[in-house]
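A.B. asks: here's my sequence, what's the structure:
(one chain, ligands or ions: 1)
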Amino acid sequence: MKELVIDLEAEKNEILKRYRALLRACKPTLQKGDKRMIRKAFDMALESHKDMRRKSGEPYIYHPIAVAQIAAEEIGLGTTSIVCALLHDVVEDTDVSLDDIEREFGKKVARIIDGLTKISGVFDTNSSLQAENFRKMLLTLADDVRVILIKLADRLHNMRTMEFMPRDKQLKLSSETVYLYAPLAHRLGLYAIKSELEDLSMKYTERETYQFIKNKLNEKKAERERFISDFIGPIKNILKEQGLDADVFGRPKSIHSIWNKMKKKAIPFEEVYDLFAIRIILDSTPDHEKADCWKAYSIVTDLYRPNPDRLRDWISSPKANGYESLHTTVMGPRGQWVEVQIRTKRMNEIAEKGFAAHWKYKESSTDSGLDQWVQKVRDMLKNPDANALDFLDDFKMNLFSDEIFIFTPKGALIQLPLDATALDFAFEIHTDVGASCIGAKVNHKLVPLNYKLQNGDQVEIITSSKQTPKEDWLNFVVTAKAKAKIKSSLKEEKRKVAEDGKEILERKLKTLKITYNSDNIYKLTYYFKLTSPQDLFYNVAKGLIDIKDLREFVASEKTIEIKPQDKIEADQVQNLLRNIKAKDSDILLIGEDMQKIDYKLANCCNPIPGDDVFGFITVSDGIKIHRTNCPNATKLMSNYGYRIVKARWTNQQELAFLTGLRITGIDDVGLINKLTTVISNDFKINIRSITVDSDNGIFEGSIMVYVNDTNHLDDLIKKLNTVKGITSVTRFDSLEKAS
Ligand code: MN
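C.D. replies: Numbering: from 1, shown residues only. From the prediction side, this is the model:
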């Protein structure tokens, strides 16, 4: 091991320097006595972490100081939160107890620290109950939103300083971050933090792509800056002439969002037009801000032609997370679309610091979208039956979705997620209205329940006392509230039917002279391949299992051997892991261990040698190898972290792996022939399938081929790109996504 020489005196000075920087960041919110409180918290944290160091070798106290600094500077939180941020790891990692905290800092601080300590176990590697724990984490959110805000600051600092962590830890933290923390930051309106979290995750899960885009952005930086200054020059002048005080600048978009666009539209980096957005931040007074924003809009669109489809007015109807801004896309001087965002200083602070700033500016007690959202989370959590994983999925969907605004017949405004249906609207009005909904009138025209609402629709719900929730409703509703209510009502319905079924079964078994006891009920459940006795009763009541079926059971009874369910137990996982791990390393080597261990390559992402991969232990299908950038990877890693195995390729020569290419070009007789010649003759690669679409002279094809590794694939892509008529060749993940 390397000897570490530490200059303790220098470290002490550095700690004090960082502490003083923190105090400067807190200054805007400091009130009498606050400084003393912060000092007390700092002293306690310093003392209790004094023997601890981070993975990087630095003193541990750097971490709580940094978290407090983020909370103050980037989220705009006040003294109580600063104190809690400084102490956030104390109860968990040191001898200090919650009682000590309460004695020294009072009940409020102790409650928040308690919340923070509870969530720290949420993503425990050995926990198979991560979804359930996440639910608990949200319970603390309902209790005090500051818990989540400090947790976000904590996560952000950990992500910023992750380079010293082992690779598997990096992957796991990154996955959780994009899966949960970034959406949470988004929902709480912390856009800057959300983007940084996404970029940092991508830096670790998709190292090469991240670096590629970063380099590309750097290459064109000077050119871009020149363009921006040419573009904003005239805007600045006219704003000034018209007496508007404004800050105008260009802001680069995040690497993660650029990558998303490339994937979504299947285009190369060069074709992404919005690498940056122009921001106009106006200095305005409360009663003029809306007019000033529209004045600026009119100036911009007098200079540059706007795209009428790309105007977004979040000033008249702010987003549920409080975001207010005016977005427009205009044609720049070089025939390039440019996004322009117009807002005031106040709106900008809310856009950047989200929740905290929102409260600062909230004058009246009228419900803000954010309050409504927190209330919705509370309601959702109150539903005790909800399956934790379902809940997580529903919740996440609500985190991400954009909103539409719908009017009631009396003109009240209801916010719903994008793609919400008439039925979602009904459930939003009231549970009973949803449950008895048979149709709706949208803008006075009759529509079915699954009608997708458009922004600005006026909706009237038609109900009937005969109506009850139906199973297929779940196929089209999108709000978590509607889903939860439909599920619980179906469950209740099923329970009632099953109760009848239980009596019927008892009678039938009597006829067959079979004792009605739980042992036999389980045997029957297993025999009919059902998951629970309730299902059995239900099927009996519905006539799906009748006396004839029961006779068959009796006849076969003696030959049945009841096996436990195929369920992977914790100790089995451990055994499996021990077996996988090679003697001198804890990595699954793909290729070498091929014979010894049952594993398969996942067909959702078709990994090939050279890809960054990991193994996932499945219940009945051995170990599946996925790419770390597989669309399913984050979900697997954050929900089933304990089933992840590190994996690495060993030298592969003779093996061929299936991968897909998407090819676009100008349709030309013989293009397919040229393609297949390159693939089969020049590269001697086997083609599994080709599908081609050709539309108005544009050629679009998907080809599945067998390659040896990523180098082999890169060479092929390069060569195909030189074929005349072809405009792009990209790899895609799976067959399902090819169309
Ligand atoms: Mn921490």
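A.B. asks: partner residues bridging Val705?
C.D. replies: Thr659, Ile687 (DSSP bridges).
A.B. asks: how much space between it and Lys674?
C.D. replies: From Val705 across to Lys674, the span is 15 Å (Cβ to Cβ, to the nearest Å). Yep, even glycine has a C-beta here, placed from its N, CA and C like the rest.
A.B. asks: tell me which of the two has more neighbours.
C.D. replies: Val705 (22 against 16; other Cβ atoms under 10 Å).
A.B. asks: tell me the centre residue of this protein?
C.D. replies: Tyr179 (3.5 Å; Cα atoms, centre = their mean).
A.B. asks: hang on, it packs against Ala633?
C.D. replies: No: between Tyr179 and Ala633 there is no contact under Cβ atoms under 8 Å: 9.7 Å.
A.B. asks: that older thread, distance of the residue nearest to the centre of the chain from Ala647?
C.D. replies: With Cβ to Cβ as the criterion, Tyr179 and Ala647 are 20 Å apart.
A.B. asks: same check, this time on His88
C.D. replies: In terms of Cβ to Cβ, His88 sits 34 Å off from Ala647.
A.B. asks: ok, which stretches of the stretch 301-450 of the chain are helices?
C.D. replies: Using DSSP state H, counting those that start in this stretch, the helices of the stretch 301-450 of the chain run over 345-353, 355-361, 369-382, 388-400, 422-429, 431-435.
A.B. asks: which pLDDT value belongs to the residue in the stretch 101-250 of the chain that the ion sits nearest to?
C.D. replies: When scored by Cβ to the ion, the stretch 101-250 of the chain has Asp154 as its residue closest to the ion, at 4.2 Å. Looking at Asp154, its pLDDT reads 94.
A.B. asks: who are the packing partners of the helix or strand harbouring it?
C.D. replies: Taking DSSP states H and E as the definition, Asp154 sits inside helix 145-160. In terms of contacts (3 or more Cβ pairs under 8 Å, 6 or more residues apart in numbering; DSSP states H and E), helix 145-160 is packed against helix 62-73, helix 79-86, helix 107-119, helix 130-143, helix 167-176, helix 182-187, helix 191-205, helix 355-361.
A.B. asks: mean neighbour count and distance to Leu23 for the ones you listed - can I get that in JSON lines?
C.D. replies: Shown next, in JSON lines, are the helices and strands packed on helix 145-160 (neighbours: other Cβ atoms under 10 Å; distance: least, Cβ to Cβ, whole Å):
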{"stretch": "helix 62-73", "mean neighbour count": "24", "distance to Leu23": "9"}
{"stretch": "helix 79-86", "mean neighbour count": "26", "distance to Leu23": "9"}
{"stretch": "helix 107-119", "mean neighbour count": "20", "distance to Leu23": "18"}
{"stretch": "helix 130-143", "mean neighbour count": "19", "distance to Leu23": "28"}
{"stretch": "helix 167-176", "mean neighbour count": "20", "distance to Leu23": "30"}
{"stretch": "helix 182-187", "mean neighbour count": "24", "distance to Leu23": "26"}
{"stretch": "helix 191-205", "mean neighbour count": "22", "distance to Leu23": "22"}
{"stretch": "helix 355-361", "mean neighbour count": "19", "distance to Leu23": "19"}
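A.B. asks: how about these, which one is nearest Phe476?
C.D. replies: helix 182-187 (22.9 Å; Cβ to Cβ).
A.B. asks: how far away from the center of its chain is that closest one?
C.D. replies: Taking the mean of its C-alpha atoms, helix 182-187 sits 8 Å from the chain's own mean (Cα atoms, centre = their mean, to the nearest Å).
A.B. asks: for that helix, packing partners?
C.D. replies: Against helix 182-187 (3+ Cβ pairs under 8 Å, 6+ apart) you get helix 145-160, helix 191-205, helix 388-400.
A.B. asks: restrict that helix to CA atoms and write it as CSV.
C.D. replies: C-alpha atoms of helix 182-187 as CSV (Å, rounded to 0.1, in the frame of the first residue of the first chain):
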residue,chain,number,x,y,z
ALA,A,182,-32.8,13.4,-11.2
PRO,A,183,-36.6,13.0,-11.7
LEU,A,184,-37.1,14.2,-8.1
ALA,A,185,-34.9,17.3,-8.7
HIS,A,186,-36.9,17.9,-11.9
ARG,A,187,-40.2,17.6,-10.1
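A.B. asks: quick one: least confident helix or strand in the chain?
C.D. replies: Lowest on mean pLDDT, DSSP states H and E among the helices and strands of the chain sits helix 570-580, with a mean of 47.
A.B. asks: Ser689 against Ile703, yeah?
C.D. replies: Yes: with contacts counted by Cβ under 8 Å, Ser689 reaches Ile703, the gap being 7.3 Å.
A.B. asks: the two - which one has more neighbours?
C.D. replies: Neighbours per residue (other Cβ under 10 Å) separate Ser689 from Ile703, with Ile703 holding more: 23 against 12.
A.B. asks: quick check: which element contains that one?
C.D. replies: Going by DSSP H and E, Ile703 is in strand 698-707.
A.B. asks: what parts of the protein come near the ion?
C.D. replies: Proximity of the chain to the ion, by Cβ under 5 Å from the ion, involves residues 89, 154.
A.B. asks: give me the below-cutoff pLDDT ranges for the chain.
C.D. replies: The chain contains residues with pLDDT under 70 at 1-5, 118-143, 355-402, 557-599, 619-622, 638-643, 650-655, 669, 696, 733-739.
A.B. asks: tell me the phi and psi of Asn629?
C.D. replies: Asn629 adopts backbone torsions of phi -100, psi 20, taken as degrees, to the nearest 10.
A.B. asks: for the residue lying closest to it once chain neighbours are set aside, give its distance to Ile238.
C.D. replies: Nearest non-adjacent residue to Asn629, counting by Cβ to Cβ, 6 or more residues apart in numbering: Glu206, 4.7 Å away. Distance, Glu206 to Ile238, using Cβ to Cβ: 42 Å.
A.B. asks: and what of Leu282?
C.D. replies: Leu282 is 13 Å from Ile238, by Cβ to Cβ.
A.B. asks: of the two, who's got more company?
C.D. replies: Leu282 (23 against 15).
A.B. asks: I'd say that one and Ala296 touch.
C.D. replies: Yes: judged on Cβ under 8 Å, Leu282 makes contact with Ala296 at a distance of 6.2 Å.
A.B. asks: any common contacting residues for those two?
C.D. replies: Taking Cβ atoms under 8 Å, 6 or more residues apart in numbering as the contact rule, Leu282 and Ala296 both touch 244, 246, 342.
A.B. asks: beta partners for the last one?
C.D. replies: According to DSSP bridges, the residues that bridge with Ile342 are Ile280, Leu326.
A.B. asks: re the thing from before, can you put the helices and strands packed on helix 145-160 in JSON lines and add distance to Leu413?
C.D. replies: As requested, those are exported to JSON lines (distance: least, Cβ to Cβ, whole Å):
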{"stretch": "helix 62-73", "distance to Leu413": "33"}
{"stretch": "helix 79-86", "distance to Leu413": "32"}
{"stretch": "helix 107-119", "distance to Leu413": "33"}
{"stretch": "helix 130-143", "distance to Leu413": "24"}
{"stretch": "helix 167-176", "distance to Leu413": "35"}
{"stretch": "helix 182-187", "distance to Leu413": "20"}
{"stretch": "helix 191-205", "distance to Leu413": "24"}
{"stretch": "helix 355-361", "distance to Leu413": "19"}
